[in-house]
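> With the input below, show me the fold.
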Amino acid sequence: MISNSSGGYRIVSRDYKITVMPGDGIGPEVTAEAIKVLEATGLVFEFRHCNVGGMAYIQTGKPLPDYAREACEEADAVLFGAVGHDYAPYGIPRKVLIYLRIEKNAYANVRPLKLYPGVYPPDDHRSQQDVNLVIIRDNAEGFALEHEGFLWEDRGIDKRVITQAGAQRIILFAVTYAMKHGRRKITCIDQSNWLFSDKLFRNAFNLVAERSPRLEADCVSVDVAAMMQARDPRSFDVIVTPDIYGDILSGFVIGQIGGVGLAPSACIGNDFAFFEPIHGTAWDLAGKGVANPIASILSARLMLEWLGREEEAESIDNAVRSVLSESKIRTFDLGGSSSSSQMGDAIAALVGSDPALDAQDQKTVHVDR
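Purely as a prediction, here's the structure:
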C-alpha cells in the first residue's frame, strides 16, 4: 500500500514485470537511464535486475545464471544492455544472446532508424535529410549465432542456412509490421543474383508480398541498396532482409542519423521480446558516465509499444525529440559535454510533465541479483 494526498491508503498493483539485463561495458549505465525514463511515464513496474554476460561469467562461472533464465520466463518483457568482455572467451557472452534470440525464439530484429531534428546543426546539410525507415532482419537464420564454421591456418569457412519456413516467417512479420504502422512500401534486400540461400529468401518474399496488395513491394540487391540510400535517404520505408545485410545497412543508416547512440532495436518473437540498443559494450567509455543513453531509452520506448502502451511510448519519443531539438543537453558523441545521467534526467523530466499521461501514484520495485 502507498499513501495518497488525502492521507489515506490504496493498494497499488504491479502493471508490468520487467527483467533487466544490463550486461557489460556501458550497458549498466545506459540501461539505468532507460529505467529512469520508464519510471517517469507513471506506469507501475517491477524491475528484476539480473547480472549476465562477461562479468557474470568472470564472477560466477556462468554468463547466464539460472535465476536470469527464470526471470525471463516470468517477465512481461526484457530490457537488455550489451554483453562482451576481453577476459571472457568470445563464445561465452554469446550464450546469453543464443538464449534470448534462439531458445526464446525472438526471431525478428526490428530497427527503426530516423533522424531527429537538432542532431546536426542547422547549417549542416545532413540536417535537411529525411531519414525514417525500419530495417527488419532475421535473428535466427543466415549467419545466426549458432552457425557452423571452421578455421584453419590457411582458410576459414562459414556455413549459412536460410529455410523456407524461416524466410516466410520473418517476411510475414515485416509485412504485418508495415501495415500496422501505416508504412507504404516494403523492400526485400538480398544478393539473390548469386547466393542460393538468398534466391530462396527472395522467392519467399514474392510469395508473401503478392498476397499483400496494400503494400508496394520491390526487391533490391544489397550493393545497390547501399548506393540508393547514399544518394537519397528516402529510398526505403521498410526493409526485410537476412541477418548480415541488416547489420551492414543499419551501420550505413546509423551514420546518417547521428551515430549508434541514437539507434534502438527490438527483438520480437511470437510470445517473447527483448529490447536493446544496437551499440555494443563500448568498454572505452564504460564507467565514465558519458555514453549516450538515447538508444537504450528509445529501446524502452519500443518495449512500451510492444506492451500496448502507445501513449506512453509516444511521450518518450516526443521527449527525446524535444531534448535533441533544444540542443542544450548533448553527450560528447553529439558534440556536447553532458553526462549520461544529465541526458536521462532531461528526457525523464519532459516525459513526467507530459499532460497527456494520466497522473497516478507510482510504486516501482527493484530486485537486484
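> Got phi/psi on Pro112?
In terms of degrees, to the nearest 10, the main-chain angles of Pro112 are phi -80, psi 120.
> Residue ranges in the protein under the pLDDT threshold?
Within the chain, the segments meeting pLDDT under 70 span 1-14, 145-148, 356, 358-369.
> again, only using 80
Residue ranges of the chain with pLDDT under 80: 1-14, 87-91, 144-151, 354-369.
> Give me the domain ranges for it.
Recorded structural domains for the chain (assignment: automatic domain parsing) are 12-116+262-369, 120-257.
> Between the two ends of the shortest one, how far is it?
Which is domain 120-257. Taking C-alpha to C-alpha, to the nearest Å, domain 120-257 runs 9 Å from one end to the other.
> from the middle of its chain, how far away would that domain be?
Relative to its chain's centre, domain 120-257 lies at 16 Å (C-alpha atoms, centre = their mean, to the nearest Å).
> Which residue lies nearest the spatial centre of the chain?
Central residue of the chain (C-alpha atoms, centre = their mean): Ser265, 1.5 Å from the mean position.
> Can you name every helix or strand that the helix or strand where that residue lies contacts?
Applying DSSP states H and E as the criterion places Ser265 in strand 264-268. Counting contacts by 3 or more C-beta pairs under 8 Å, 6 or more residues apart in numbering; DSSP states H and E, strand 264-268 packs against strand 108-114, strand 273-277, helix 294-306. Every C-beta, even on glycine, is put in place using the N, C-alpha and C of the backbone.
> just checking, His85 touches Gln59?
No: contact criterion C-beta atoms under 8 Å: His85 and Gln59 do not qualify, at 10.6 Å.
> between those two, who's got more neighbours?
Applying other C-beta atoms under 10 Å to His85 and Gln59 shows that His85 carries more neighbours, namely 21 against 10.
> Surely that one forms part of a helix?
No: counting by DSSP: H, G, I helix; E, B strand; the rest coil, His85 is not found in a helix; it is coil.
> Report the separation between it and Val96.
With the distance defined as C-beta to C-beta, to the nearest Å, His85 ends up 12 Å from Val96.
> List the buried residues for stretch 250-261?
Within stretch 250-261, the residues scored as buried using 16 or more other C-beta atoms under 10 Å are Ser250, Val253, Ile254, Gln256, Ile257, Gly258, Gly259, Val260, Gly261.
> Just checking: what are the partner strands of the strand holding Ser265?
The pairing partners recorded for strand 264-268 under DSSP bridges are strand 108-114 (antiparallel), strand 273-277 (antiparallel).
> Among those strands, show me which one is buried the most.
strand 273-277 (a mean of 26; mean count of other C-beta atoms under 10 Å).
> what distance separates that strand from the centre of its chain?
5 Å.
> Taking helix 294-306 as reference, get the angle to that strand.
160 degrees (axes from the mean of the first three to the mean of the last three C-alpha atoms, to 10 degrees).
> Can I get strand 273-277 in CSV, CA atoms only?
Output in CSV follows, covering the C-alpha atoms of strand 273-277 (Å, rounded to 0.1, in the frame of the first residue of the first chain):
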residue,chain,number,x,y,z
ALA,A,273,10.5,-10.0,-26.7
PHE,A,274,13.6,-8.2,-25.5
PHE,A,275,14.8,-4.7,-26.3
GLU,A,276,18.4,-3.5,-26.7
PRO,A,277,20.4,-0.6,-28.2
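> Give me the distance between the two termini of stretch 60-72.
19 Å.
> Run a quick neighbour tally on Lys159.
Applying other C-beta under 10 Å, we find 9 residues neighbouring Lys159.
> cool, Asp15 as well?
Each residue near Asp15 was counted by other C-beta under 10 Å, and the total is 17.
> Leaving out chain neighbours, which residue sits closest to it?
Spatially, and ignoring its direct neighbours in sequence, Asp15 is nearest to Val44 (4.2 Å; C-beta to C-beta, 6 or more residues apart in numbering).
> Assess the claim that that neighbour and Lys17 are in contact.
No: at 10.2 Å, Val44 and Lys17 do not qualify as touching, with contact defined as C-beta under 8 Å.
> show me the contacts for the closest residue to His85 other than its chain neighbours.
The spatially closest residue to His85, leaving aside those adjacent along the chain, is Gly54, at 2.5 Å (C-beta to C-beta, 6+ apart). Residues near Gly54 by C-beta atoms under 8 Å, 6 or more residues apart in numbering: Gly23, Asp24, Pro63, Val83, Gly84, His85, Asp86, Tyr87, Ala88, Ile92, Pro93, Thr281.
> Could you rerun that using 10 Å?
23-25, 63, 82-90, 92-93, 96, 281, 283 (C-beta atoms under 10 Å, 6 or more residues apart in numbering).
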